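Trainee: Predicted model follows, preceded by the sequence.
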Amino acid sequence: MAIINQFVLYSYNGKHISDICLNKFDGDTHNHCAHFVSHVLQIGHGKTCHRMVHKSHQVMAGGSILVSDLFDITPNIRELISSQKIGQGLIYVSAPGSFSQIGSNSYRIKTVRKRHVGIFLNGKVWHYKNSKNKVISEPIFEFIRHYKKQVNALWIGDLPIQSQPVQFGMCNK
């Protein structure tokens, strides 16, 4: 797994997905929140950017592009009830009804339009803000307002372990 710290995460601030994804899956009409997270953490689980560009079903390097694929492999997933100031993990925001229990200790995120993921580290969230077409960082109390016209819930889990090699890092543009 990639080493995550504030310096690494701040180096992504203001970057467009084309500066991050070497596979050229970088159109502004796509949602890149999971895509960004996957390249930073070197996770290539489920549907990847490589598969989208090359239309290949081979297992090749690429970052996951679906929020649900990341949610499914996030260990120790749980609803975040109070503001957490320390720790690290993946953090998800969506309407409360988007999250459901599917077993005694297993959860899923439904396929809904308004769901988003970021990397949480000590009270801040780094995520790809699709409306601005760039990576931003913001305090957790702002991240929960990601979808302004709905009540939102936050779910958090530990960082997943890399599932396959991923082309990562930023291009030198």
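Mentor: Alright, I've got the coordinates. Numbering: from 1, shown residues only.

Trainee: Summarise which helices and strands the longest helix anywhere in the chain is packed against.
Mentor: Taking DSSP state H as the criterion, the chain has its longest helix at helix 33-41. Applying 3 or more CB pairs under 8 Å, 6 or more residues apart in numbering; DSSP states H and E, one finds that helix 33-41 contacts helix 67-73, strand 115-121, strand 124-129. For the C-beta atoms, the positions are set from N, CA and C on the backbone; glycine is no exception.

Trainee: helix or strand right after it?
Mentor: Moving toward the C-terminus from helix 33-41, the next helix or strand (DSSP states H and E) is helix 49-54.

Trainee: which of the residues in that next one are buried?
Mentor: Cys49, His50, Arg51, Met52 (16 or more other CB atoms under 10 Å).

Trainee: which residues in this structure form strands?
Mentor: 78-79, 88-94, 99-101, 107-109, 115-121, 124-129, 134-139, 153-157 (DSSP state E).

Trainee: Including mean pLDDT, could these go into TSV?
Mentor: Formatted as TSV, the strands of the chain follow (pLDDT from 0 to 100):
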stretch	mean pLDDT
strand 78-79	92
strand 88-94	96
strand 99-101	93
strand 107-109	94
strand 115-121	97
strand 124-129	97
strand 134-139	97
strand 153-157	95
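
Trainee: would you turn the ones you listed into a markdown table with distance to Asn23 and mean neighbour count?
Mentor: Shown next, in a markdown table, are the strands of the chain (distance: least, CB to CB, whole Å; neighbours: other CB atoms under 10 Å):
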| stretch | distance to Asn23 | mean neighbour count |
| --- | --- | --- |
| strand 78-79 | 32 | 13 |
| strand 88-94 | 21 | 24 |
| strand 99-101 | 30 | 13 |
| strand 107-109 | 24 | 18 |
| strand 115-121 | 19 | 24 |
| strand 124-129 | 15 | 22 |
| strand 134-139 | 17 | 18 |
| strand 153-157 | 26 | 20 |
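
Trainee: give me the low-pLDDT residue ranges for this protein?
Mentor: Within the chain, the ranges that satisfy pLDDT under 70 run 1-2, 55-60, 162-173.
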